[in-house]
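> For reference, the sequence and a predicted model appear below.
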Amino acid sequence: MANKPQYPIHGSLYFDVREFVHPTVWNIFKERAEILIDPKIVRIADAVRERYGSCTINDWMFGGKRVASGYRARWEKTGGEYSQHRAGKAIDIRSKNVSPQHMYADILANPHIFDRAG
């Protein structure tokens with residue numbers, strides 16, 4: 001198993017609060033930014049991680065470029081005005097082991113796995 005997150009979000013074994021928020025949001029709220037994220041989406045992210053292995057949401061804290069794949073504040077230009085990202089209820093998650101098409105098809109074929117999470 002990978003290292004435990006430094007700032008676990010809603011009890012996640014895999015994900016850090018920073019992976020769900022923009023760096024500006026992190027700089028304002030620090031670990032309190034967790035309150036902006038729905039616990040259900042964290043449980044779903046954990047289920048995705050357990051099924052597909054290593055996954056990425058935002059990676060800016062690791063030197064990557066992804067900053068808007070989780071919660072999107074009002075100032076973010078990415079996405080729609082009423083996107084579920086703005087409510088902390090959506091993520092764009094990427095697996096290192098499977099393609100987005102495979103993940104999508106597998107989730108549709110196995111909804112019971114993800115229904116338990118959220």
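Okay, I see it.
> Every contact and neighbour count from this point should use C-alpha atoms.
Will do.
> Can you list phi and psi of residue 87 for me?
Here is the backbone geometry of residue 87 (degrees, to the nearest 10): phi -100, psi 0.
> what does residue 96 give?
According to degrees, to the nearest 10, residue 96 has phi -80, psi -10.
> gap between it and residue 113?
Residue 96 sits 20 Å away from residue 113, going by CA to CA, to the nearest Å.
> quick one: which of the two has more around it?
For the pair residue 96 and residue 113, the greater number of neighbours falls to residue 113 (15 against 11), based on other CA atoms under 10 Å.
> Quick check: chain neighbours aside, which residue is closest to that one?
residue 47 (7.5 Å; CA to CA, 6 or more residues apart in numbering).
> just residue 78 next, same as before
residue 68 (6.9 Å).
> Assess the claim that that neighbour and residue 74 are in contact.
No - Residue 68 lies out of contact with residue 74 (CA atoms under 8 Å); the separation is 11.5 Å.
> packing partners for the lengthiest helix in the chain?
Of all the elements of type helix in the chain, the one with the most residues (DSSP state H) is helix 39-52. Helices and strands touching helix 39-52, by 3 or more CA pairs under 8 Å, 6 or more residues apart in numbering; DSSP states H and E, are helix 111-115.
> And the helix it packs on, what's buried?
By 16 or more other CA atoms under 10 Å, the buried positions in helix 111-115 come out as residue 114.
> Check what contacts it and list those residues.
Among residues not part of helix 111-115, those counted as contacts by CA atoms under 8 Å, 6 or more residues apart in numbering are 44, 47-48, 107.
> got CSV for these, with pLDDT too?
Converted to CSV, these look like this (pLDDT from 0 to 100):
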residue, pLDDT
44, 94
47, 94
48, 94
107, 92
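> which of the residues you listed tops the neighbour count?
Ranking these using other CA under 10 Å puts residue 48 first, with 21 neighbours.
> any idea how far that one is from residue 107?
9 Å.
> now swap in residue 73 and tell me
For residue 73 relative to residue 107 (CA to CA), the value is 28 Å.
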